[in-house]
Each structure stands twice: as structure tokens, then as C-alpha cells.
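Colleague: Turn this into a model:
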Amino acid sequence: MTWSLQKASMWKRISAFLFDGIVLGVVVVLLGWAMSAALGYDRYYREVEDAYARYAQAYGVNFNLSLSEYESLSEAESSALNAAYAALDADESAVYAYNMLISLTLLILSLSVLSGLLLMDFAVPLLLGNGQTLGKKIFGLGLMRCDGVRVNAVTMFVRTLLGKYALETMIPLLIVIMIFLGVIGVIGPVILGLILLMQLGLVAFSARRTAIHDLLASTVEVDLPSQRIFPTREDMIAFKQKAHAEKVSQRTYP
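Modeller: Numbering: from 1, shown residues only. Modelled structure (predicted):
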């Protein structure tokens with residue numbers, strides 16, 4: 001009587017990951033659309049667009065300039081553009097709409113991603129059992145703790161919330177947004193690069209070849225049809241004790 005780890009093949013893991021990623025993306029987009037409609041996102045977006053169009057026409061400028069186009073402006077054109085920005089900054093309603101647009105973007109993004117992950121990577125695996133997402137179900141994969149015990153709600157919550165949501169999704173997304181808005185310097189790309197290198201290193205070179213979320217939750221993806229998973233830690237201990245006793249009983253002594 002023996003027990004061994006039957007790890008899922010890399011190709012099956014990649015296939016399940018891609019399938020789950022597509023499904024999650026659709027769910028997040030639908031949730032984001034519903035939230036934006038409920039919170040009036042489009043109204044603030046139109047107000048900001050109207051404000052930019054109004055001041056662009058009033059001052060005869062174009063706000064959508066590339067860096068090379070901006071550097072090629074004459075002194076008079078540059079002064080007119082600065083005056084248009086100053087007038088725009090002094091418009092309280094436009095500033096309020098812009099701030100609301102940024103706040104709602106971050107709120108909708110974070111809540112839609114969180115809701116999508118909790119649904120597809122927490123609720124569905126608990127419903128299907130053995131940590132199976134839809135992708136894992138299709139490709140015959142499962143999830144268990146590294147000691148061979150079945151995953152529970154606490155394990156899945158840590159894996160989903162701390163691993164997938166916080167470290168692997170929201171931190172990179174927020175850094176990208178801050179880079180786009182120009183509110184973070186070189187430290188942003190450095191952090192993104194470190195997270196990417198850590199993820200690739202864990203998947204490609206670590207002993208268990210698991211991602212950050214699996215490392216945090218002490219879980220491993222396995223080939224479910226061939227893997228024995230213990231319902232509880234007590235069952236795992238009892239099995240190992242019985243296996244040890246059988247091994248001892250089969251020893252021959254001189």
C-alpha cells in the first residue's frame with residue numbers, strides 16, 4: 001500500500017489555465033459592465049469628454065498630442081495649450097467628473113476582478129469539489145494540499161484572495177494604471193518585473209513547480225483520475241501509519 005504524488009502535466013495545466021482565463025475574462029467584463037451601468041460611469045465619462053472638447057475648441061488646441069508632436073509646438077501653440085489646461089483645471093465640475101471617473105475605474109476594476117475570482121476560483125471549485133475550476137474539470141485536473149489532503153474553503157480563500165487577486169492580479173494592474181497616469185516612476189516597472197520573474201521561476205524551477213497562489217496556500221495541481229486525495233488530515237495519517245506497519249511486517253530478519 002503506497003501513496004505518491006501524481007502531478008498534472010504542464011500542457012494540461014496550461015490548457016486549463018487558458019480556458020479558465022477566457023471564462024474569467026468574460027465574467028469580469030460582464031460584471032464590470034453591470035457595475036459601470038449601476039454607478040453611472042458613462043455619465044462622468046461623457047462630462048470629461050465634453051469638457052476636453054469644449055476647451056479644445058475655445059483655445060484652438062488639441063489635447064491628444066504625442067510626445068514628438070508636443071515637442072514640435074511653437075511657443076504660441078504651447079502657451080495656448082497651457083492656458084487650455086489651466087482653464088480645464090479651474091473648471092470644478094470637470095475636475096470633479098475626472099476624479100469620479102478615476103475613482104470609479106479603480107473601484108469597478110477591483111470589484112469586478114475580485115467578484116469574478118471569488119465566483120470562478122473559489123465558489124465553483126468548492127461546488128465541483130477537489131478544487132476543480134471549469135478548466136480543471138474539462139482536462140481532468142484537481143487540486144489538493146501538498147500533504148495529500150483535500151482542499152477546504154479556508155485553503156481556497158487564501159489561494160484566491162491573497163494569491164490570485166492581491167499578488168498576481170491587482171498589484172500588477174494598479175502599477176500599470178499608475179504608470180499610465182504618470183504617478184509612479186521607475187519603481188513600477190521594477191516591481192512588475194520582479195513579480196513576473198518570481199512567477200516564472202516558481203513555475204519553471206521550483207521543486208513543486210507551482211505558482212505564487214499555490215505556494216501561499218500550500219496546494220498542488222494533480223492528475224485527478226490517478227491521484228489519491230485524503231478527505232482529512234487524520235485519514236492521511238492513518239493511511240501512512242498503516243502503510244508503515246505493513247512495510248515493517250514484511251521485513252525479513254536474520
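
Colleague: what's downstream of the longest helix along the chain, the next helix or strand?
Modeller: Scanning the chain for the helix with the most residues, using DSSP state H, yields helix 10-39. Sequence order places helix 41-59 as the next helix or strand after helix 10-39, per DSSP states H and E.

Colleague: Tell me where the model's unsure across the chain.
Modeller: The model of the chain has pLDDT under 70 over residues 1-2, 251-254.

Colleague: circling back: got the buried residues for the longest helix of the chain?
Modeller: Within helix 10-39, the residues that count as buried by 16 or more other Cβ atoms under 10 Å are 12-13, 15-17, 19-20, 23-24, 27-28, 31-32, 35-36, 39. Glycine gets a C-beta too; all of them are placed from N, C-alpha and C.

Colleague: out of those, who's nearest P225?
Modeller: P225 has its nearest neighbour among the buried residues of helix 10-39 in K12, at 11.5 Å by Cβ to Cβ.

Colleague: Tell me what angle the longest helix of the chain forms with helix 41-59.
Modeller: Calculated by axes from the mean of the first three to the mean of the last three Cα atoms, to 10 degrees, helix 10-39 forms an angle of 70 degrees with helix 41-59.

Colleague: other SSEs contacting helix 10-39?
Modeller: Identification of packing neighbours for helix 10-39 by 3 or more Cβ pairs under 8 Å, 6 or more residues apart in numbering; DSSP states H and E yields helix 92-118, helix 134-138, strand 141-145.

Colleague: Which strands or helices does the second one pack on?
Modeller: Meaning helix 134-138. Counting by 3+ Cβ pairs under 8 Å, 6+ apart, helix 134-138 packs on helix 10-39, helix 124-128, strand 141-145.

Colleague: May I see the buried residues of it?
Modeller: L134, G135, K136, K137.

Colleague: Look at the closest residue to the last one other than its chain neighbours and say how many residues are nearby.
Modeller: When the adjacent residues along the chain are set aside, K137 lies closest to L128, with 5.8 Å between them (Cβ to Cβ, 6 or more residues apart in numbering). Neighbouring residues of L128 were enumerated by other Cβ atoms under 10 Å; the total is 14.
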